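Engineer: Return atomic coordinates for the entry below.
(one chain, ligands or ions: 1)
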Amino acid sequence: MAFVEFQDVTKLYQMGEVQIAAADGISFTAEQGEFVVIVGHSGAGKTTVLNMLGGMDTCTSGTILLDGKNISSYTPRQLIEYRRYDIGFVFQFYNLVQNLTALENVELASQICRDPLDAKTVLEEVGLGSRLSNFPAQLSGGEQQRVAIARAIAKNPKLLLCDEPTGALDYQTGKAILQLLQDTCKKNGQTVIVITHNQAFTAIADRVIKIKSGKVVDIILNPNPVSAEGLEW
Ligand SMILES: Nc1ncnc2c1ncn2[C@@H]1O[C@H](COP(=O)(O)OP(=O)(O)OP(=O)(O)O)[C@@H](O)[C@H]1O
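Structural biologist: Residues are numbered from 1 along each chain as shown. So this is what the prediction gives:
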């Protein structure tokens, strides 16, 4: 059994008379420690897949497994625990608490976890050891995203889910953030899933899942992914 399994997953929305299949029979797997890129155009269904995998949304039919657990059968209460303990989230716009320092933002997340990593150590690892007592407004976009990544990593989650993590950043900063995510995956054996519309990011992935109109159109295994630093787009 794979670490992540989507088995014929659908997500249907009823809009008056019209039914929209945001996910239309999606199946894929991912192994532990892989860097996975889910790529597709706007409206392809990427966020829908990420939200279902992250326990923020439920599927209409099909089965979603993480580490052998059938999360698609979880109750709302079980999903709260799943989001809290098993998943680290990284969003496009960082979602930091503005009146807490970088350190406090990371500590806030780790306080609610069973087996968190040390907040200061993780911030040092993402290159922010000298900015611990800065507030988000005193940090650049790239630095804020590093705090957000540290916050996700410090939870010591089974899976790191990243929704367009470079979407609000300039080219060089975006590359550095991708490199940080790639390093986190490789050094810590952390399974990382990134969703993006940017085809260029597929070169850094161990596994690429291409989706279009709610369906998987291609799955590519990449035996020699390039380093994010060497990426051009
Ligand atoms: N709550 C909802 N109600 C109705 N339709 C929805 C809802 N959420 C998503 N959809 C539809 O499902 C499809 C997939 O949306 P989704 O947000 O997953 O795409 P995406 O690939 O993440 O797009 P983007 O890159 O623009 O964020 C779209 O056609 C969208 O309009």
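
Engineer: Tell me the residues of the chain that contact the ligand?
Structural biologist: 13, 15, 20, 22, 40, 42-48, 197 (CB under 6 Å from any ligand atom). (C-beta placed from N, C-alpha, C; glycine too.)

Engineer: hmm, try it at 8 Å
Structural biologist: Selection of the chain residues close to the ligand by CB under 8 Å from any ligand atom yields 11, 13, 15, 20-23, 40-51, 164, 195, 197, 211, 214.

Engineer: Give me the buried entries from these.
Structural biologist: Buried members of these, scored by 16 or more other CB atoms under 10 Å, are 11, 21-23, 40, 44-51, 164, 195, 211, 214.

Engineer: Mind checking which of these are in helices?
Structural biologist: Counted as lying in helices by DSSP state H, out of these, are 46-51.

Engineer: Export those residues as CSV, with columns for pLDDT.
Structural biologist: CSV is the format used below for those (pLDDT from 0 to 100):
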residue, pLDDT
46, 97
47, 96
48, 97
49, 97
50, 97
51, 96
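
Engineer: out of those residues, who's nearest residue 130?
Structural biologist: Using CB to CB, residue 50 comes nearest to residue 130 of these, at 32.6 Å.

Engineer: show me what contacts that closest one?
Structural biologist: By CB atoms under 8 Å, 6 or more residues apart in numbering, the contact list for residue 50 reads 38, 161, 163, 193, 195.

Engineer: what about it, distance to residue 202?
Structural biologist: Using CB to CB, to the nearest Å, residue 50 is found at 16 Å from residue 202.

Engineer: Next, the residue nearest the centre of the chain: phi, psi?
Structural biologist: With distances taken as CA atoms, centre = their mean, the residue of the chain nearest its centroid is residue 161 (1.4 Å). Phi and psi for residue 161, reported as degrees, to the nearest 10, are phi -110, psi 130.

Engineer: can you pull the contacts of it?
Structural biologist: Contacts for residue 161 (CB under 8 Å, 6+ apart) come out as 50, 53-54, 87-90, 193.

Engineer: Show only the entries of those residues found in helices.
Structural biologist: Going by DSSP H, the helices hold 50, 53 from the contacts of residue 161.

Engineer: and which of the contacts of residue 161 is nearest the ligand?
Structural biologist: When these are compared for distance to the ligand (CB to the nearest ligand atom), residue 50 wins out at 7.6 Å.

Engineer: which ones are touching residue 165?
Structural biologist: Residue 165 makes contacts with 90-92, 145, 149, 177-178, 181, 194, as judged by CB under 8 Å, 6+ apart.

Engineer: which one of the ones in helices among the buried ones among the residues of the chain next to the ligand sits closest to residue 118?
Structural biologist: residue 50 (27.9 Å).

Engineer: Many thanks, have a good one.
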